[in-house]
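**Student:** sequence first, predicted model second:
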Amino acid sequence: MAQCFALIGWSLPVIESMQKLDKPFVVVSFSDFEPYAKENNIPFVAYKFDEWSDTSNSIDLAEKLKPYNVDVAVPLYEETVEWAGALNSIYRNDPRVLNRAFLFRNKAMMKRKALVGGLRVGLFEEVHNKEQVRQFMERLNQANLQLENEEDSWVHIKPFAAAGTVGHRLLRSKQDIEDKVEDTDFPCLAESHLSGKEFSCEAFVHKGKIRFLNITEYVKLGYSNFIPEGNYLASKRPLILKKMQQLVDIFGIEYGMIHPEWFLTENDELGFGEVACRIPGGHILELASKAYGFDALAAFVQCHDPSLTDEEVDALFPPKDFKPENHYGNVMIYPHKNVINSLVIPEELNEDPYFLDHTLIPPYAGQKIDSREGFGNHFGTVNFKGPDPDRMTELLLHYENVDFYV
Amino acid sequence: MIETLEKGYENFNISLEEYKSAGVTLRKEKAQKLISQVDLLSKTKKGIEHLFKKSLEIEAAGIFAENAWNDPEKLSPALVKGTLKAGHPSSTYELLSELRMLAYAKKKKGGIHKISPADAEAYLEEVLVHNLEFAFQEFTEETRLAMAPQEIKKVQNLFNLLLAESGLQGIKDKLAEEIRLICEQRPVVTRKVREMIQLVSSKMELDPEKESDKLLLFYVDAINSPTPLSKKFPDPDQYEQAINKLTGKKLEEEVTTLAASMRETGLANPYIALMLRKLAAGKTALIPKALRLNKRGEAEWGKHQPFVLKLIEEIVNIDSFQCIYGLAKVLEKSLLSRNAVKASLNNLRSVNINDHVAERILKCQTKPRVNVTAKQYLIAATIRVLGQPLGVGQGNNSTCQSARGISMWSQHSPAKLVNMIITVAAQDNLILRFENADLESMKLVKGLVDQLDYNLDAVSAVLVPHLDKIYSEMMRRASGRFEDPHKWVNPAMYGHWIQIGFASAYSYLTNSIQDFKGFTRLFYATFNPEYNGGREMVYPNPVGIFVTTNRGAMIGFHAVSLLRIAKDQEGNLRAYFLNPNNEGRQNWGQGIEPAVFGHQEKHGESSLPFYQFAARVYAFHFNSLETKDYVDSVPATEVEKVEKLARESWGKAYTWSELKKIW
């Protein structure tokens, strides 16, 4: 049993889960959170994650954590993955743990590793300027045997190290390269478009084996998802589990949770998108907790603890044969207008038996809405619960287009 | 829907359990979810009953712990309507708070506050009185526009439950009291009180044998059937035929009854308009009786008959009758004997009204009639404002400054006011001078209000947008001088009636309340006849006050006009003042409760014992040459009494400095 978990990054839901578990922990985050932590008796160490120097580094941080007897570090955010990796390298006396963390933080390295290991990935390349993106698209067009006047092949560009959809741009034509790409986007990863149905998985790993697999059905990326997955994806579970274990093996993941994105083609082939090892966005673990009736955040943290026995690990998760009765889904709500004045909950939502609750916040009168970066700040989520995944899909698609703010 | 509901209970109960078990860190988010389910349940009758049953449990779980509803004793019934109209989540918290109060009133178990059932019930009764449109489900157009249908449904469910649980009987006394309080202030705009009375009349069973019902019936009759004849012939045409048949004693009786109803309530009605027009067409001798004029009014009528008859002919009709009360008051004030007033009123009759101004005038009529023009409405409103200067109000606008100005000019410079009305009506523009600069309202950008609420009299609708802009510009120019800008703005805005000397308890330099003892001494030496050489106040004094809650906690600043200082029937010295927000009855804590009648207030005045008023003042004007001689005669005990009240209320919001100041 771990002596003390260091939670790297500030997350109230995780803190609360840990308090309920009554396991020793300490939060490491920016000093901005210190007063709140103090006020609420949350063990806290302030650290500058954005600085790497003689006085700000993992060895120094490990020293600062000694009084707490920390022996397991848990990354909560994309930006803290290396820090946690470095600490765990020290705690486990294994330098490769840190290298593995870098895998998650450099999307080009990540793809290369996946490719070498035999996963299906798109064509990809590191690019440093617009010209290289043009050349990449050109070569892709050639490979796809483009004829004159046919459309260009789609290209995605994304930063090497950013969470989820932040900085992600889809370029459908050479004109898009001119219009959508900024010089500040470089260097970054360019890759061909993977077709197929996109979804994500959350695999809780202990001693290199997947101990629990959640599949999250994306209804629309960045807007809505639900858990457990719908009928079609559920029928592919054995295939998905096989590929997931392959991914774990290739990356050499021993402890923690990974959250990859996959593309499932009609020929039952799985294309690898990317993978993260922090808490996924979109309230995914919250939905998983409700659907499967366990505390996914507590399980996430404890999976990082090498000292747990198999029985202790099994006890973190629902029984192997557990079948959730209901699907839990949510849709994030973004205002549709540029200037909004009030929140209006539509009557049809109130009358829908699948409607559970919402966290929508009222705007102030005349509030202006900024354009979206990544998927920007949503105004809250609407949550649904119900037995039929097809109805769930319908609802989520529908409410994505309903304007809650007028 | 049934299915939805059952799932709703289940989800709600799960959510409530989750909320209860959440630690401090996640409370906020869980509260959001829980309150969204409260919103959902409140849309049905069954749902709201379920919420009522659970209300104390939800409260005990801490849903109000960190918001404005936390302490039931601090809740203000007058604020409920605004919150209910504000939409989810505010309206949902408000609704839940009412349900919890109902649970306290019904002595349900599980409450965490010590509020007594009687207090909770009294609170809910006040809420009903302030929200008659919800209670009676007769929504005003304004409410319909402001609220989503879902929200209306929710509020309807709430009030249905409140009424089913507590009934209307209990609120009759409060309603009667509320209506009386408003009428005693003789407001220029009578829309709100008429709506209340109309609702009472259409929705309540009133029994003339019962004491509490008698007063309500009196007001209902005043607007609907002031005489037995009008009760018999409520249709105006039929009533007109009926009075045409009246002669001699019968006619005189009808005239007297009509007049009594109007003079005792301040509310006119279509029947008195019909009667007045009939009298003007041939029985002019009865007109003083129809207005129930006093001796001075009668003399004035004798002197200006032709002009008054012309006015009656031009502005009085069944769609424009409230001005009759104003006309009676104008005559009793002998305003027509002031040549400037009569001449300017005559000019107003021939003015060409600017289109934009006409639009504003028509906007403030409940139902603009085709046969009444904007000009007729404007002249009628001018007569009302001249006759009832203390009845001028700011409506739902933050323009207390402008309302105070209109009221003051109406009292002390009526011709100036009418001329101002003429200028703006024709030009939709106004010029005032501030420190050698001409401020032309049309060229100024912004005032305090962006969108005027048109629950106003037509004079205010015409003038306020301009006065407001000019006032804001003056404030802009006078700010940054390390002193309250009102020191310069008040005399420039209101005119030479305002003294140049200016005292403020707040010091901009030290950001503290400085030398409050000296300030209070100066206040006494300026206004209190026992210490100022026995002088009376001559002109209204624009005074800045701290408004406080019923617990004495600071709310904010407000502008009132101090009008006069006098002893009431019991010999207590009182300050009489105009509060332009028309909220005469308030509770400012520490037992400080402004009264609007019962202490020899004139209609429209508010009053407080002198020392209590002094304990809420932070700024006033004074004559810096004369007051000095009297300052030292103010006894220390009196000053200490005031300071104690101040320090223990709004004073807590400031640091205090004893540093002496030269006043």
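**Tutor:** That came in fine, so what should we check first? Values in this document were obtained by computation on a predicted structure and should not be read as measured data.
**Student:** ok, residue A:137 - contacts?
**Tutor:** When contacts are counted by CB atoms under 8 Å, 6 or more residues apart in numbering or on different chains, residue A:137 touches A:152, A:153, A:155, A:171, A:174, A:177. For glycine as for every other residue, the C-beta is placed from the backbone atoms N, C-alpha and C.
**Student:** pLDDT weak spots in the stretch 101-250 of chain A?
**Tutor:** Applying pLDDT under 70 to the stretch 101-250 of chain A flags the ranges A:163-165.
**Student:** for chain B, what is the nearest residue in it?
**Tutor:** Of all residues in the stretch 101-250 of chain A, the one sitting closest to chain B is residue A:226 (16.4 Å; CB to the nearest CB).
**Student:** send over stretch B:476-494 as CSV, restricted to the C-alpha atoms.
**Tutor:** Listed next in CSV are the C-alpha coordinates belonging to stretch B:476-494 (Å, rounded to 0.1, in the frame of the first residue of the first chain):
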residue,chain,number,x,y,z
ARG,B,476,-18.2,63.5,-14.9
ARG,B,477,-16.8,67.0,-15.1
ALA,B,478,-16.8,67.4,-11.3
SER,B,479,-15.2,64.1,-10.4
GLY,B,480,-11.6,63.7,-9.5
ARG,B,481,-11.5,66.7,-7.3
PHE,B,482,-11.0,64.8,-4.1
GLU,B,483,-14.5,65.8,-2.9
ASP,B,484,-18.0,64.6,-3.5
PRO,B,485,-18.9,66.0,-7.0
HIS,B,486,-22.4,66.7,-5.8
LYS,B,487,-21.0,69.8,-4.0
TRP,B,488,-20.8,71.5,-7.4
VAL,B,489,-23.4,69.5,-9.3
ASN,B,490,-26.4,70.0,-7.0
PRO,B,491,-26.4,73.8,-7.2
ALA,B,492,-25.8,73.8,-10.9
MET,B,493,-28.4,71.1,-11.6
TYR,B,494,-31.3,72.3,-9.4
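**Student:** can you list the helices and strands that the helix or strand containing residue A:240 packs against?
**Tutor:** Here residue A:240 sits within helix A:237-251, counting by DSSP states H and E. Other elements packing on helix A:237-251 under the criterion 3 or more CB pairs under 8 Å, 6 or more residues apart in numbering or on different chains; DSSP states H and E are helix A:107-117, strand A:197-206, strand A:209-220, strand A:255-264, strand A:270-276.
**Student:** that one to strand A:255-264, inter-axis angle?
**Tutor:** 120 degrees (axes from the mean of the first three to the mean of the last three CA atoms, to 10 degrees).
**Student:** and the angle for helix A:237-251 with strand A:197-206?
**Tutor:** Relative orientation of helix A:237-251 and strand A:197-206, computed by the same axes, to 10 degrees: 60 degrees.
**Student:** quick one: average pLDDT of whichever strand in chain B runs longest?
**Tutor:** Ranked by number of residues, the top strand in chain B under DSSP state E is strand B:554-567. Confidence for strand B:554-567, expressed as mean pLDDT, is 90.
**Student:** do stretch B:196-209 as well
**Tutor:** For stretch B:196-209, the per-residue pLDDT averages 84.
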